[in-house]
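Colleague: Quick one: sequence and predicted model below, then my questions.
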Amino acid sequence: MSLKVFDLQCDQSHVFEGWFSSTDSYESQQVSGLLSCPVCNSHQISKKLSAPRLNVSHIKESAGASAGASDAVAAPSAGQVAQLQAQMLQHIRQMIRNTEDVGVRFAQEVRSMHDGETQERAIRGVATQQEREELARDGIDVMPIPDFLDDERLQ
C-alpha cells in the first residue's frame with residue numbers, strides 16, 4: 001500500500017509530517033479532530049505545500065538486481081519521528097533557557113566577549129538587522145532564535 005506524506009503545521013508553527021493512506025483519509029481525520037501536533041498537542045492543523053515524493057524504488061530495485069546489490073534500509077514510524085522531534089525541540093528550548101537574557105545589550109555584550117573584554121558565556125537578546133550585519137562583518141557569528149523555540153516570547 002502506498003502512503004501519502006504531507007507536511008503539516010499547527011497554529012504554533014510547529015512543522016511535522018503526517019502519513020495517510022489517501023488524501024481522503026487526511027481530510028477525514030482533519031474534520032474529525034484526530035490530528036494533533038506532536039510538540040504542543042494543538043488540534044489546529046493545516047497542510048503545507050510540499051514537494052511531491054516520487055516512488056522510484058522500482059528503478060533502484062532493477063539497478064540493484066542487475067548489479068547483484070542489496071541495501072538494507074529502515075524507516076522510523078510516524079510516532080517515532082514525532083517523539084524524536086518533540087525531544088529535540090525540548091532539548092533546544094532547555095539550552096535556550098540556560099542562557100542569560102541580555103536584552104537590547106546583546107550586540108554590545110557579544111562584541112565584548114569576542115574582543116576578550118568579558119568572559120564568554122551563553123547569552124541571548126535582541127539585535128537590530130544593522131547590528132547583526134555589523135557583527136557578521138566583524139566575523140562574529142550569531143544565530144536568531146525562532147519565536148516558537150523561545151518560551152519567554154510564547155507567553
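Modeller: On my side now, so go ahead. Numbering: from 1, shown residues only.

Colleague: Surely Met113 touches Ala107?
Modeller: No: Met113 is beyond contact range of Ala107, at 11.2 Å (criterion: CB atoms under 8 Å). Bear in mind the C-beta positions are built from the backbone N, C-alpha and C, glycine included.

Colleague: So between the two, which is more surrounded?
Modeller: Ala107 (20 against 15; other CB atoms under 10 Å).

Colleague: and that one, helix, strand or coil?
Modeller: Secondary structure, DSSP: H, G, I helix; E, B strand; the rest coil: Ala107 is helix.

Colleague: And the contacts of stretch 81-100?
Modeller: Surrounding stretch 81-100, the residues in contact under the criterion CB atoms under 8 Å, 6 or more residues apart in numbering are 14, 16-17, 38-39, 76, 121-124, 145, 149-151.

Colleague: do stretch 34-45 as well
Modeller: Taking CB under 8 Å, 6+ apart as the rule, stretch 34-45 contacts 8-12, 14, 16, 18, 29-30, 33, 82-83, 85-86, 89.

Colleague: send the alpha carbons of that stretch over as CSV?
Modeller: C-alpha atoms of stretch 34-45 as CSV (Å, rounded to 0.1, in the frame of the first residue of the first chain):
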residue,chain,number,x,y,z
LEU,A,34,-8.0,13.4,15.2
LEU,A,35,-4.9,15.3,14.1
SER,A,36,-2.7,16.9,16.7
CYS,A,37,0.7,18.5,16.9
PRO,A,38,3.3,16.1,18.4
VAL,A,39,5.0,19.0,20.1
CYS,A,40,2.2,21.1,21.7
ASN,A,41,-0.8,18.8,21.1
SER,A,42,-2.7,21.6,19.2
HIS,A,43,-5.6,20.4,17.1
GLN,A,44,-5.4,23.4,14.8
ILE,A,45,-3.5,21.7,11.9
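
Colleague: How about that stretch, which residues are buried there?
Modeller: For stretch 34-45, a neighbour-count test (16 or more other CB atoms under 10 Å) marks Leu35, Ser36, Cys37, Pro38, Val39, Cys40, Ile45 as buried.
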